[in-house]
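Student: I would like the atomic coordinates for the input below:
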Amino acid sequence: MSRIGRKPINIPAGVDVKLDGNVITVKGAKGTLTQKIHPNMAVSIDGGVITVTRPNDEKLNRSLHGLTRTLIANMIEGVTNGFKKELDVNGVGYRVQKQGKNLIMNLGFSHQVTMSDTEDVTIEVPNPNKIIIVGPDKQKVGQFAAEVREKRPPEPYKGKGIKYVDEVIRRKEGKAGKGGKK
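Tutor: Next comes the predicted model:
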């Protein structure tokens, strides 16, 4: 039995969960999320607890069991607390700013790179070297953060670029770094 899949999910106060066939809708303070569930998985809501069960121990059903439970738990977490990704901008002259709904980034190119908020994801810029991406949907927040990072990924020699706050960049020595000829 799946250790993650068999854990029950508690529904906190202020969260409304509806199950319509194999579509689950979670509504809370931060928004509304909808997820289609694989038909093999059986989701039941009794009282303030959601349980996910599988029909048998086939490989597909075993892999879907924990996934389905985690997706539902992330939906509940998202509408109550939300998800957040923080990015750092490192480099001389690299800076970001927010203008209305647009994130404007100066990343060493001859032009400014612009990205805008979506209805699910909001961007905060507390200072010129930090980007915070917030939203209720974990997948959309992570995807948007990856797209922002992709505009100028960190390079291994000087560490310039956009990186996640908790990301560690493996640094390389330059070609004169080994102490060869002088």
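
Student: Every contact and neighbour count from this point should use C-alpha atoms.
Tutor: Fine.

Student: who touches Arg152 in this structure?
Tutor: Leu107, Gly161, Ile162 (Cα atoms under 8 Å, 6 or more residues apart in numbering).

Student: need those in CSV with secondary structure, can you?
Tutor: Output for these, formatted as CSV (DSSP: H, G, I helix; E, B strand; the rest coil):
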residue, secondary structure
Leu107, coil
Gly161, strand
Ile162, strand
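
Student: In a markdown table, list these along with distance to Leu60 and neighbour count.
Tutor: Converted to a markdown table, those look like this (distance: Cα to Cα, whole Å; neighbours: other Cα atoms under 10 Å):
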| residue | distance to Leu60 | neighbour count |
| --- | --- | --- |
| Leu107 | 44 | 22 |
| Gly161 | 40 | 21 |
| Ile162 | 38 | 26 |
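
Student: Which one of those is nearest to Gly66?
Tutor: Top of the list for closeness to Gly66, among these and by Cα to Cα, is Ile162 at 32.7 Å.

Student: Helix or strand: which one has the closest residue to that closest one other than its chain neighbours?
Tutor: Residue nearest to Ile162 in three dimensions, not counting chain neighbours: Val89, with 4.6 Å by Cα to Cα, 6 or more residues apart in numbering. Counting by DSSP states H and E, the element that carries Val89 is strand 83-90.

Student: what does Arg149 give?
Tutor: With DSSP H and E as criterion, Arg149 is part of helix 138-150.

Student: got it, and Arg171?
Tutor: Remark: Arg171 resides in no helix or strand, with elements defined by DSSP H and E.

Student: Can you name the residues that contact it?
Tutor: By Cα under 8 Å, 6+ apart, the residues touching Arg171 are Pro156, Tyr157, Lys158, Gly159.

Student: what's the answer for Val17, then?
Tutor: Counting by Cα under 8 Å, 6+ apart, Val17 makes contact with Ile11, Ile24, Thr25, Val26, Lys27.

Student: do you know how far the residue nearest in space to the middle of the chain is from Lys158?
Tutor: For the chain, the residue nearest the mean C-alpha position is Gly142 (2.6 Å; Cα atoms, centre = their mean). From Gly142 across to Lys158, the span is 25 Å (Cα to Cα, to the nearest Å).

Student: again, but for Gly14
Tutor: Gly14 sits 48 Å away from Lys158, taking Cα to Cα as the criterion.

Student: How about Ile9?
Tutor: Using Cα to Cα, one obtains 45 Å as the distance from Ile9 to Lys158.
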